[in-house]
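J.: mind folding the following:
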Amino acid sequence: MRIHFIAIGGSAMHNLAIALHQKGYEVSGSDDTIHDPSKSRLAKYNLLPQEFGWFPEHITHEIDVIILGMHAKVDNPELLKAQELGLKIYSYPEFLFEQSKDKTRVVIGGSHGKTTITSMILHVLNYHEKEVDYMVGAQLDGFETMVHLTQENEFIVLEGDEYLSSPIDRRPKFHLYKPNIALISGIAWDHINVFPTFENYKEQFTIFTDSLTNGGSMVYNVEDENVKNVVESSNNHIKRYPYETPVHFIENGITYLETEEGDLPLEIFGDHNLQNLAGAKWICQHMGVDEDDFYEAIASFKGASKRLERIAENNSTVIFKDFAHSPSKVSATTKAVKEQYKHRKVVACLELHTYSSLNAEFLNQYKGALDNADEAIVFYSPHAVKIKQLEEVTEEQIAKAFERNDLKIFTNPKAFKEYLFDLNFESSAIILMSSGNYGGLDFDELKQLI
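T.: So this is what the prediction gives:
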């Protein structure tokens, strides 16, 4: 089978392309720009397009399947040619479902935590040498790709994103997987450019819950009232498995989980991560891993890439990089670090980078999100606001939204870097929260300061 990717350079798309190449398919692709690590990884497998751009003349009847990425537009020349020829066009999640029709599908959903939970599950299964297919939204230690597909594996573990499937398929990705086993970690309004109200956003999780196969199993965070409401009010004939934050304590900067086998020291910390662990345990038990084996494996889990990732540490300073951008996640991350490092100065740096976070109407959702930090800094780029064609956001609006008098706000990358690098890092915990890079901050350069 010959498969062509339109917009092959995306994080998920290039991993799927590599996975299908490894599975034996003939794979080609195109994109108007591709950055590392996608670029070098595609080159390694001879899948990097010879030149960037869109080439409708390359779209012919010899192609069996087109996989369309979100980066492409509805008027993409290659897409228009594929439609004209009547070729089969799949979105990324549609194709994953086609590849997993005969497998037990395990789908991890939620506004936050889904990458970490999926990573925990894969870490435990890998530790015990249990082979499964998977798709996860971060690069994991011990895994070459973020996507792995085979003919023979019984299970496939999928990170269930609620964002749209493709430019021509406006359904949330996780509506297409029809899980046998599923999990919802939390519901906190996000993607307001697509879901204009919280009720509209929450409804997507109701649809997801109702999409479980008859008699399927739903694992859910009972401490999240919205999740509890969605799952427990569903009329779908499913089994329900609630979870909550497990009993734990912190001693000398290490979080210990209280288990029947004794106190278990963990590499991770924070209530969110502990809730994630409890959810992952339920899923692993559904997949045949007993509790003792789960604990043995999870003790060595260090976290998913960019999810409260410890990027530098010495005796008096620790620096974390975190993908947090939604208000609930920013609040949870800051609180977790402060609880873990009670006697250190916590400096929280947040970049407002996503469509939602740069939206003037959404900003008030950040009220109190940085209250647990000893020093709070917000960076945003007015240029990014213009690119996203949003109304201008002012420093006054940001200061008012966070309701913190000593909040420091930067719009200039150079000024932000100079301020950050001039800080006294002694006895500090620094958190860099962003899905961007603060206008070009060199994280390796920052690491050298401690």
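J.: measure residue 438 to residue 338 for me?
T.: 22 Å (C-beta to C-beta, to the nearest Å). Yep, even glycine has a C-beta here, placed from its N, CA and C like the rest.
J.: which of these two has more neighbours?
T.: The neighbour count for residue 438 versus residue 338, taken as other C-beta atoms under 10 Å, is higher for residue 438 (23 against 20).
J.: pretty sure residue 373 is touching residue 336, no?
T.: No - with contact defined as C-beta atoms under 8 Å, residue 373 and residue 336 do not form a contacting pair (11.6 Å).
J.: find residues that contact each of the two.
T.: Jointly contacting residue 373 and residue 336 under the rule C-beta atoms under 8 Å, 6 or more residues apart in numbering is no residue at all.
J.: buried set for stretch 337-347?
T.: 337, 338, 340, 341, 344, 345, 346, 347 (16 or more other C-beta atoms under 10 Å).
J.: what about it, start to end distance?
T.: Length of stretch 337-347, first residue to last, C-alpha to C-alpha, to the nearest Å: 10 Å.
J.: now stretch 442-450
T.: Note: stretch 442-450 ends 14 Å apart using C-alpha to C-alpha.
J.: follow-up on the earlier one: quickly check the buried residues of stretch 337-347 for the two that are furthest apart.
T.: Using C-beta to C-beta, the buried residues of stretch 337-347 span at most 14.3 Å, a distance reached by 340 and 347.
J.: so which residue is dead centre in the protein?
T.: Taking C-alpha atoms, centre = their mean, the centroid of the chain lies closest to residue 115, which sits 4.6 Å from it.
J.: next one: phi and psi at that one?
T.: Main-chain dihedrals, residue 115, degrees, to the nearest 10: phi -70, psi -40.
J.: of the buried residues of stretch 337-347, closest to residue 260?
T.: The closest of the buried residues of stretch 337-347, once distances to residue 260 are taken by C-beta to C-beta, is residue 340, at 24.7 Å.
J.: what sits against the closest one?
T.: Residues counted as contacts of residue 340 (C-beta under 8 Å, 6+ apart) are 250, 253, 255, 269, 270, 429.
J.: try residue 37
T.: Here residue 37 is in contact with residue 139 (C-beta under 8 Å, 6+ apart).
J.: just to revisit the earlier point, filter the buried residues of stretch 337-347 down to just the ones in helices.
T.: 337, 338, 340 (DSSP state H).
J.: what distance do you get for the first one to residue 148?
T.: Spelled out, that is residue 337. Distance, residue 337 to residue 148, by C-beta to C-beta: 32 Å.
J.: do the last one as well
T.: Plainly put, residue 340 is 33 Å away from residue 148 if you go by C-beta to C-beta.
J.: the stretch 1-150 of the chain: strands as residue ranges?
T.: Ranges of strands in the stretch 1-150 of the chain, per DSSP state E, counting those that start in this stretch, are 2-6, 26-30, 65-68, 88-91, 104-109, 133-135, 147-148.
J.: report the buried residues of the first one.
T.: Buried residues in strand 2-6, counted by 16+ other C-beta under 10 Å: 3, 4, 5, 6.
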